[in-house]
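> Model the following, please.
(chains A and B)
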Amino acid sequence: MTAVWVTGLGAVSACGWGVDRLGEQLARGTSAIDPCDRFDVSRHRTSLAGQVPARDHAIESGASTRDQPSWSDRFAVAAAREAFAQAGLSDAAKHPGKPFETGGPRIGLYFASSTGGMFEAERFFAARQGQLEPATRPRLRSLASQETSGPAEAVARACGIRGPVETVSSACASGGLAIGMALDALRADEVDIAIAGGADALCELTYAGFNALRAVDPARCRPFRADRAGMSLGEGAAALVLEQPEQARARGAVRLASLRGAGSSCDASHMTAPQPGGEGPARALDAALADAGVMPAEIAFVNAHGTGTPRNDAAEAKALTRALGDRAATVPITATKAVVGHLLGCAGALEAVATVLALDAGVVPPTSGDGAVDEALDVSLVQGSGCPFDGSCAISLSLAFGGANVALVFERAGAGR
Amino acid sequence: MSRSGFQPSSAEWPVITGLGAVSSFGCGREALAAGLAAGEPRLTEVVRRANFHRSRGSRLACLADTSSVSDWVSSREARRASEPSRLTLAAARMALADASCETNGSAVGNAGAAGRRLVDPRLAVVMATTFGPPGITEELLEAIFSRGPAAASPFAFPESVANAPAAQVAIAIGAGGPNLTITQRNAGPLLALARAQRLLRSGQADRVLVGAFDEANPLLHAVLDRFRALATARPDLHERARPFARCRNGFVLGEGATVALLERPEAALARGARVLARLGPSVAAFDPSACAHTWGHDSDALAATLVSGLAHAGLALAGPSRADLDGQAIEGVVSGASGARQGDRREADVLAAVKERMGGAGWSMLAVPKAVVGEHGGGFLAATILAAAGCAMPSADIGPDDELGLRALIHEAPVSQSQAARRPCPSKAGRILATALAPGGAAAWQVLAGPS
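Numbering: from 1, shown residues only, chains lettered A, B, ... in the order given. Next up is the predicted model:
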């Protein structure tokens, strides 16, 4: 099937503002999950989160202030502008807010968010409950950015996009699904260039909700470890510029990697618990491999969903065995969430960025954290330091509340297909 | 089938073989179709418990009549689901029953049928929503902020995510294919139709349950009232939505759920299914001049993008006079105009810009279903399908004081109407163009056609 090029990356995460900071910290394998001070976390099971550090105004400029952008909007705009700049699409990178010329490349935006501007909506709600001082009460207009479509619209406005803009909100699979939607649009020749990604910010609703589900680890999350006890929440944004190869070649763009295929499925079994046997994610993996025309033996590594919850990691390991067969036990596995936390609707997008970075570096980053790997899972987890790999393709896998699953297959730029 | 795209001929357009709806007119597409044809909204007083409404603000909404939902959703299922999930699941079962369809050998339509269903990996679910499930989200926030985070219910939290209704449908029906929830405000329902079409075209699914849901909870109603987005009563006019009318002063919030079953024409033909409507090309665009809470002003550029996109997708737009288009002409428009002052003006501007680009005598129908179903994505989605199927629709209110220039767009301009009486558009079952222009900048168009 037709592959598309990845020509630009952008990221905002607990590692900092920018792809470089993400890449450096992933390579070191040190966790950016630290005490959260965005709101009062003292009454929760954990006080940790992958919180984005203080903003860098130089990077953030370009987000419209008239719209009272949410944290998610700001993360999204910064990541998108970084991706556009790397892709050499100067209209968006150098002239924020200026629309691309009609008749120029057809640019579409496919974005993900699980909670949009929920944090800002919560401030409004708290104010109504009399829990905020008058000086800190948000204005009504801040609620206009509350919707999950807010980050996509903020990016489209900031970057002057005139083509399709579509937000997907399918919980933790959203980011991967958005990238799959962009792939579909490019293959169907609906757009010449697609920017895909996602954004989510920490908020009390999700923090309390996952605490109530007892799905969070009081300590930093430890995906695939024997003593894993849950996830750590995170926040941020990620963006990838994807292009039809002819379009990219014609304008002299540099290929960072190729997106070869995508596949998605639904467990159709339970709202919060994965199928123990991993049947649902295995179908997504099968579909992605078939779509990419790639055999399991060609998979160099897997960037797993790896939340660190006992049941998710077990089901995911089973799914990999179902889909990859014998290769599952030996293929190197890494889990980005150990470094940045679980970015919910943005997770799949940020992990796609991390996957492309690893393909480009030729090294699978280690999965942060100590402790023995759970032997029952039969996975080859990369720990301690990065692991060079053979092969050209990698999988990024996402699972979600409600059973949605998505797998993406990326290929190294120099693979010569 | 490869996942690469192609532009199918109209004979290959995917078909809608079942439609389920829960609206202010109750359960079922027949009830909704009758309500649309009658042209009068069924309005209900909103509980003002949120204590946040303006004193002279909006009082009414098109609240869903859920009295028959229990025929479709068992009490056991209902206990585990939020209101949007219940309504969406009911609509999904109605759609499957309407399509005389079975999933994995299990008869559908019976609430809570015993036994675990097999999972059909080729059945996908695509839903759209504007605000997700606001009621249960408010409940959770109320608990967190008044009683502390430990009061957050682990059962309510999973239902607060936007994709909960799509997931509940998948679980109940056994839909193991792709499962997506699109949240692009008012453009979402048409984007969901287009997304469902792509899943079929690219071979990712054989059948798709596609729909939209919305919930009009009191706090959401109050916040929209504070934004002055909702229609209000005036000394000379009662409270209702008046799309495109000079005296429009906002939309009426609606709620409910709609689900349609979409399949490939050859599959529908093979099982002898009745076809309600066919899905043609679609296009989406964005107006970057918009800001977060309102519409943009760059109507010409938006129209240019939409027209060129649709042409690229294989369909040129024109009025019936453009006979050289070999039957591809659009008969009428089902507009997403809602009665919003600025939104309707932008919609009219875009339609005028389209007509100027394409020439021709205009369209024979300009339907405005949101006058009757309210601002409710599912109601609008159902109306577009019903319009293509030949059902009568509420027409735009084009009086002698036509400030938006709509008269020039319509080939068979309806006789001037009073503001109280809304004449239904005639049933034509021709090709229609459904349009949605959302605050925030997103726009989507979808071409639909009748069964033959």
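> Do any residues in stretch B:9-28 lie close to chain A?
No. Judged by C-beta under 8 Å from any C-beta of the partner chain, stretch B:9-28 and chain A are separated, with a smallest distance of 14.1 Å. The C-beta positions use only the backbone N, C-alpha and C, and glycine is treated the same way.
> pull the CA atoms of that stretch into PDB?
Extracted C-alpha coordinates of stretch B:9-28, given in PDB (Å, rounded to 0.1, in the frame of the first residue of the first chain):
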ATOM      1  CA  SER B   9     -19.400   6.400  -9.800                       C
ATOM      2  CA  SER B  10     -22.800   7.100  -8.300                       C
ATOM      3  CA  ALA B  11     -23.800   3.500  -8.800                       C
ATOM      4  CA  GLU B  12     -21.000   2.600  -6.300                       C
ATOM      5  CA  TRP B  13     -22.100   5.200  -3.700                       C
ATOM      6  CA  PRO B  14     -22.500   3.500  -0.300                       C
ATOM      7  CA  VAL B  15     -26.100   3.100   0.800                       C
ATOM      8  CA  ILE B  16     -28.000   3.700   4.000                       C
ATOM      9  CA  THR B  17     -30.300   0.800   4.700                       C
ATOM     10  CA  GLY B  18     -31.400   1.600   8.300                       C
ATOM     11  CA  LEU B  19     -32.000   4.700  10.300                       C
ATOM     12  CA  GLY B  20     -32.800   5.000  14.000                       C
ATOM     13  CA  ALA B  21     -33.400   8.100  16.000                       C
ATOM     14  CA  VAL B  22     -34.400   9.400  19.400                       C
ATOM     15  CA  SER B  23     -35.500  13.000  19.200                       C
ATOM     16  CA  SER B  24     -38.000  15.400  20.700                       C
ATOM     17  CA  PHE B  25     -40.600  13.500  18.600                       C
ATOM     18  CA  GLY B  26     -39.800  10.300  20.400                       C
ATOM     19  CA  CYS B  27     -38.200   7.000  19.100                       C
ATOM     20  CA  GLY B  28     -38.000   6.100  15.500                       C
END
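> So which bits of that stretch are buried?
Within stretch B:9-28, the residues scored as buried using 16 or more other C-beta atoms under 10 Å in any protein chain shown are B:10, B:13-28.
> same deal with stretch B:68-85?
By neighbour count with 16+ other C-beta under 10 Å, stretch B:68-85 contains the buried residues B:Val69, B:Ser70, B:Trp72, B:Val73, B:Ser74, B:Glu77, B:Ala78, B:Ala81, B:Ser82, B:Glu83, B:Pro84, B:Ser85.
> Report the two of those residues separated the most.
Pairwise distances across these peak at 17.1 Å for B:Ser74 and B:Pro84 (criterion: C-beta to C-beta).
> so what's the closest residue to chain B within the stretch 301-417 of chain A up against?
Nearest residue of the stretch 301-417 of chain A to chain B (C-beta to the nearest C-beta) works out as A:Gly402 at 2.7 Å. By C-beta atoms under 8 Å, 6 or more residues apart in numbering or on different chains, the residues touching A:Gly402 are A:170-171, A:266, A:271, B:158, B:161, B:163-164, B:166-168, B:170, B:179.
> Quick check: residues of the stretch 251-400 of chain A near chain B?
Counting by C-beta under 8 Å from any C-beta, the residues of the stretch 251-400 of chain A lying close to chain B are A:261, A:263-272, A:279-280, A:283, A:287, A:291, A:400.
> same thing but at 7 Å, please
A:Ser264, A:Ser265, A:Cys266, A:Ala268, A:Ser269, A:His270, A:Met271, A:Thr272, A:Gly280, A:Arg283, A:Asp291 (C-beta under 7 Å from any C-beta of the partner chain).
> Using neighbour counts, trim these to the buried set.
Among those, the ones that count as buried by 16+ other C-beta under 10 Å are A:Ser264, A:Ser265, A:Cys266, A:Ala268, A:Ser269, A:Met271, A:Thr272, A:Gly280, A:Arg283, A:Asp291.
> Looking at these, which one is closest to B:Ala382?
Of all these, A:Cys266 has the smallest distance to B:Ala382: 23.8 Å, by C-beta to C-beta.
> got TSV for the buried ones among the residues of the stretch 251-400 of chain A next to chain B, with secondary structure and pLDDT too?
Putting those into TSV (DSSP: H, G, I helix; E, B strand; the rest coil; pLDDT from 0 to 100) gives the following:
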residue	secondary structure	pLDDT
A:Ser264	strand	98
A:Ser265	strand	98
A:Cys266	strand	98
A:Ala268	coil	96
A:Ser269	coil	94
A:Met271	coil	92
A:Thr272	coil	92
A:Gly280	helix	97
A:Arg283	helix	98
A:Asp291	helix	98
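> Dump these to TSV, plus distance to B:Ala277.
Converted to TSV, these look like this (distance: C-beta to C-beta, whole Å):
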residue	distance to B:Ala277
A:Ser264	26
A:Ser265	28
A:Cys266	26
A:Ala268	27
A:Ser269	32
A:Met271	32
A:Thr272	36
A:Gly280	32
A:Arg283	30
A:Asp291	30
